[in-house]
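Trainee: The following block contains a protein sequence and its predicted model.
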Amino acid sequence: MPAWFVTGTGTDVGKTFVTQSLIRHLRSQGRSVDALKPIISGFASTDAAHSDTGILLKALTRPLTADEIHRISPWRFRAPLSPDMAAAREGKSVPFDALIAHSRHAVETCAATDTLFIEGVGGVMVPIDARHTVLDWMNALRLPLILVAGSYLGTISHTLTAIEVLRRHNLTIAALVVSETADSHVPLADTVAAIARFANPIKVIGLPRMADPTLSHPAIGDLATTLL
Ligand SMILES: Nc1ncnc2c1ncn2[C@@H]1O[C@H](COP(=O)(O)OP(=O)(O)OP(=O)(O)O)[C@@H](O)[C@H]1O
Ligand SMILES: [Mg+2]
């Protein structure tokens, strides 16, 4: 069963945007797709539709019910902080072993024809609890990764640093997407070319800023072809 873990070089770089685009693209091709965002911080139940959970549910054409929200994102926290800090504000912590078991169960129970995306949280080494980061989560699952980066000034170093860490842990980067940062003066194509030179042989795909998230873009078709 094809499953990918969607990680990023930081928060707000486009992980959810890329994932929802990919879901729409694959569904338009008749594939059955599922997606999870197991940990979400900055979650307000009164504005669930605009959360990552709500955005993924919409792309999956699933209803925004309490059950579905819980299915996609079992660990939800109100504060817009890293999961360890956000959970602590509520006197909680993310149970790392349960997170791994939950993710593995999702991968194992997806039907053979399904495609599954698990969106991480923030960047590659965001703390999940006092002892684990997203890197430990990815290491436990060993899924191929979709690495998402922005196109802002500074992204090349952030991206190559993330690649270096992932490679040291023998994690597979199936594709790298540079999702254009709003109001960045750095040309997307030049950023993609520079990252590709250093990231070789990883496939690097540039996704321009889209006015409408429901519209498809050839870059997403290219990404889907790279993955499947
Ligand atoms: N290529 C793009 N075109 C248009 N909007 C984009 C694009 N990439 C990202 N965005 C927008 O930028 C914002 C941040 O993107 P997104 O929420 O996907 O980041 P993220 O990496 O998932 O963040 P988080 O760490 O909070 O999960 C969102 O409003 C999203 O719609
Ligand atoms: Mg997100």
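Mentor: Thanks, I have it. Numbers count the residues shown, from 1 in each chain. Ligands and ions are numbered 1, 2, ... in the order given.

Trainee: Mind giving me the packing neighbours of the host helix or strand of residue 98?
Mentor: For residue 98, the enclosing helix or strand under DSSP states H and E is helix 96-109. Packing partners of helix 96-109 (3 or more CB pairs under 8 Å, 6 or more residues apart in numbering; DSSP states H and E): strand 33-36, strand 115-119, helix 134-141. All C-beta spots, glycine's among them, are computed from the backbone N, C-alpha and C.

Trainee: Show me which residues of the longest one are buried.
Mentor: Meaning helix 134-141. Residues of helix 134-141 classed as buried by neighbour count (16 or more other CB atoms under 10 Å): 134, 135, 136, 137, 138, 140, 141.

Trainee: Between those, which sits nearest residue 214?
Mentor: Among those, residue 134 lies closest to residue 214 (CB to CB), at 28.2 Å.

Trainee: ok, that closest one to ligand 1 distance?
Mentor: Remark: distance between residue 134 and ligand 1 (CB to the nearest ligand atom, to the nearest Å) = 10 Å.

Trainee: so who does that residue touch?
Mentor: The neighbours of residue 134, taking CB atoms under 8 Å, 6 or more residues apart in numbering as the test, are 7, 120, 121, 122, 123, 124, 125, 126, 128.

Trainee: Going by distance to ligand 1, which of the buried residues of helix 134-141 wins?
Mentor: Nearest to ligand 1 out of the buried residues of helix 134-141 is residue 134 (CB to the nearest ligand atom; 10.3 Å).

Trainee: ok, so what distance separates that closest one from residue 225?
Mentor: Residue 134 sits 27 Å away from residue 225 when distances are taken as CB to CB, to the nearest Å.

Trainee: try residue 97
Mentor: Counting by CB to CB, the gap from residue 97 to residue 225 is 36 Å.

Trainee: Residue 193 too?
Mentor: In this view, residue 193 and residue 225 are 20 Å apart by CB to CB.
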